[in-house]
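J.: would you be able to build a 3D model of this:
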Amino acid sequence: MPVFVFDIETIPDVELGRRIYDLGDLSDKQVGYVMQAKRREESGSEFLSYEQQRVVAISVALRSRDTFKVWSLGDPSASEAEIIQRFYDGIDKYTPDLVSWNGGGFDLPVLHYRALRHGIVAPRYWESGDEDQAFRWNNYLNRYHCRHLDLMDVLSSYQGRARVSLQAAATLLGLPGKLGMSGDKVWDAYLDGQLEVIRNYCETDVLNTFLIYLRFEMMRGRLLREEYHAEVARVRDVLAAQGKPHFQEFLSAWETTAWETQR
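T.: Below is the predicted model of the structure:
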């Protein structure tokens, strides 16, 4: 069964913000900050409601047969609608197991609203057993089914107070973590024209999640210890072969915490 480990990055949907708050004459930067200020007044946090977040990157790690690959969907000029459609097209094509960190609490709900906004067609993802009986007992939509494994949810036993961040889990396992970038910096990076930096950051988040997933698979007995080490070695080899600067940075940071792979 193919596995897609995925992550998204978002910015304020300034087009929506202009309509909601009648901000037609303001710049994108100003509209985004007004949206965050309004949200802070309402909730005490600048974290925008899900429908107000526009997707600018979706990154995926694919593990299938002898293949391991990490990439961001679409090219940097691709529209939000295109990259979201590509995500759901991959599900339609492969019917993979999805793996995320907080995907049930953030990534997937955001994708639902944005797909609704753009008229995205995704029949396989929304299947719940009406057309394919196998999905009645195991689909992407039920929290306790395994077609989507939200590692943060599962490892916390679905208890909010037991949840930890991806950074904390990566640090626990001696993984590189976020390497100086974080979600709260994405909007400023986007305004500075650094979309490629955002995409690279999203890819390294996917790498951290995939490596945590491998450890989880060993913990629950689906990978033998030697198989786990082989999978980790595969990731290292693939990243080294590609030679991309952000992958090389990830590998260099990983080397300083190599104790993790010796266990």
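J.: ok, Glu231 touching Arg225?
T.: No: in this structure Glu231 lies outside contact range of Arg225 using CB atoms under 8 Å: 10.8 Å. Backbone N, C-alpha and C define where each C-beta goes, glycine included.
J.: settle it for me: which of these two has more neighbours?
T.: Using other CB atoms under 10 Å as the criterion, Glu231 and Arg225 rank with Glu231 on top: 19 against 9.
J.: and the helix or strand where the more buried one lies, what does it pack against?
T.: Glu231 belongs to helix 225-242 when assigned by DSSP states H and E. Secondary-structure packing of helix 225-242 (3 or more CB pairs under 8 Å, 6 or more residues apart in numbering; DSSP states H and E): strand 67-72, helix 195-219, helix 245-255.
J.: buried residues in the host helix or strand of Val56?
T.: Secondary structure assigned from DSSP H and E places Val56 in strand 53-64. Across strand 53-64, burial judged by 16 or more other CB atoms under 10 Å covers 53-63.
J.: farthest pair in these?
T.: Arg54 and Arg63 (28.7 Å; CB to CB).
J.: circling back: so which elements touch the strand holding Val56?
T.: Other helices and strands packing on strand 53-64, by 3+ CB pairs under 8 Å, 6+ apart, are strand 3-12, strand 67-72, helix 80-94, helix 108-118, helix 195-219.
J.: can you add mean pLDDT and mean neighbour count and give these back as CSV?
T.: CSV is the format used below for the helices and strands packed on strand 53-64 (pLDDT from 0 to 100; neighbours: other CB atoms under 10 Å):
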stretch, mean pLDDT, mean neighbour count
strand 3-12, 98, 24
strand 67-72, 96, 16
helix 80-94, 97, 18
helix 108-118, 98, 18
helix 195-219, 97, 22
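J.: between those, which gets nearest to Leu151?
T.: For those, the distance to Leu151 is smallest for helix 195-219, at 5.9 Å, taking CB to CB.
J.: how near is Gly105 to Phe47?
T.: 12 Å (CB to CB, to the nearest Å).
J.: among the helices and strands packed on helix 225-242, which is nearest Tyr113?
T.: helix 195-219 (18.9 Å).
J.: now the angle between strand 67-72 and that closest one, please.
T.: For helix 195-219 against strand 67-72, the angle by axes from the mean of the first three to the mean of the last three CA atoms, to 10 degrees is 140 degrees.
J.: and helix 195-219 with helix 245-255, angle?
T.: Using the same axes, to 10 degrees: helix 195-219 against helix 245-255 is 40 degrees.
J.: can you report how many residues neighbour the nearest residue to Tyr88 once chain neighbours are set aside?
T.: Sequence neighbours aside, Ala122 is the residue nearest to Tyr88 in space, at 3.6 Å (criterion: CB to CB, 6 or more residues apart in numbering). Neighbouring residues of Ala122 were enumerated by other CB under 10 Å; the total is 18.
J.: same check on Gln194?
T.: 16.
J.: then Ala134?
T.: Neighbours of Ala134 using other CB under 10 Å come to 11.
J.: try Lys244
T.: By other CB under 10 Å, the residues close to Lys244 number 13.
J.: the residue lying closest to Arg236 once chain neighbours are set aside: neighbour count?
T.: Of all residues not flanking Arg236 in the chain, Leu251 sits nearest, at 6.7 Å (CB to CB, 6+ apart). The tally of other residues near Leu251 (other CB under 10 Å) stands at 15.
J.: if I pick Leu251, what's in contact with it?
T.: 236, 239-240 (CB atoms under 8 Å, 6 or more residues apart in numbering).
J.: can you lay out those as TSV showing neighbour count and pLDDT?
T.: Shown next, in TSV, are these (neighbours: other CB atoms under 10 Å; pLDDT from 0 to 100):
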residue	neighbour count	pLDDT
Arg236	15	96
Leu239	19	97
Ala240	11	96
